[in-house]
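Q: I need the structure of the sequence given here:
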Amino acid sequence: MGKTKHIHLNYASQTLNETTVKTAMQIIADLKMFELEAVNPYATPFKAQYIERTVTLIFGSEAENAAVKVTE
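A: Below is the predicted model of the structure:
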């Protein structure tokens, strides 16, 4: 298809090494579970990375926000 496709995993262990990740990616690719019209967009795994996100609370708390949503 000529386009890069991404799979995002929300809960991946941050202790995985390159060999483990490459093996898992190849197993997923070999399953062809995303294949559509004889095209497997994940046939060739070529990159894996961790993306870290930091959330900084400015004011209020999550409990206060949950209470507000329930009473609205």
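Q: Can you point out the buried residues in stretch 6-26?
A: Buried residues in stretch 6-26, counted by 16 or more other C-beta atoms under 10 Å: residue 25. Placement of C-beta: from N, CA and C, glycine included.
Q: What's the end-to-end length of it?
A: 14 Å (C-alpha to C-alpha, to the nearest Å).
Q: repeat for stretch 33-47
A: Start-to-end, stretch 33-47 (C-alpha to C-alpha) is 19 Å.
Q: Tell me which residues of that stretch come out buried.
A: 40, 42, 45.
Q: Quick one: the helices in this protein, in order.
A: 18-31, 62-71 (DSSP state H).
Q: weakest of those in terms of mean pLDDT?
A: Mean pLDDT is lowest for helix 62-71 among these, at a mean of 61.
Q: follow-up on the earlier one: dump the buried residues of stretch 33-47 into JSON lines; add distance to residue 54 and pLDDT as well.
A: Output for those, formatted as JSON lines (distance: C-beta to C-beta, whole Å; pLDDT from 0 to 100):
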{"residue": "40", "distance to residue 54": "35", "pLDDT": "82"}
{"residue": "42", "distance to residue 54": "29", "pLDDT": "80"}
{"residue": "45", "distance to residue 54": "28", "pLDDT": "87"}
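Q: Out of those, which comes closest to residue 34?
A: residue 42 (5.4 Å; C-beta to C-beta).
Q: okay but the closest one is in contact with residue 29, surely?
A: Yes. Between residue 42 and residue 29 there is a contact under C-beta atoms under 8 Å: 5.1 Å.
Q: between the buried residues of stretch 33-47, which is closest to residue 14?
A: residue 45 (18.8 Å).
Q: who are the neighbours in contact with the closest one?
A: Contact analysis of residue 45 by C-beta atoms under 8 Å, 6 or more residues apart in numbering lists 22, 25, 26, 28, 29.
Q: now do residue 48
A: So residue 48 contacts 21, 22, 25 (C-beta under 8 Å, 6+ apart).
Q: residues in contact with the last one?
A: By C-beta under 8 Å, 6+ apart, the residues touching residue 25 are 45, 48.
Q: Fine by me, thanks again.
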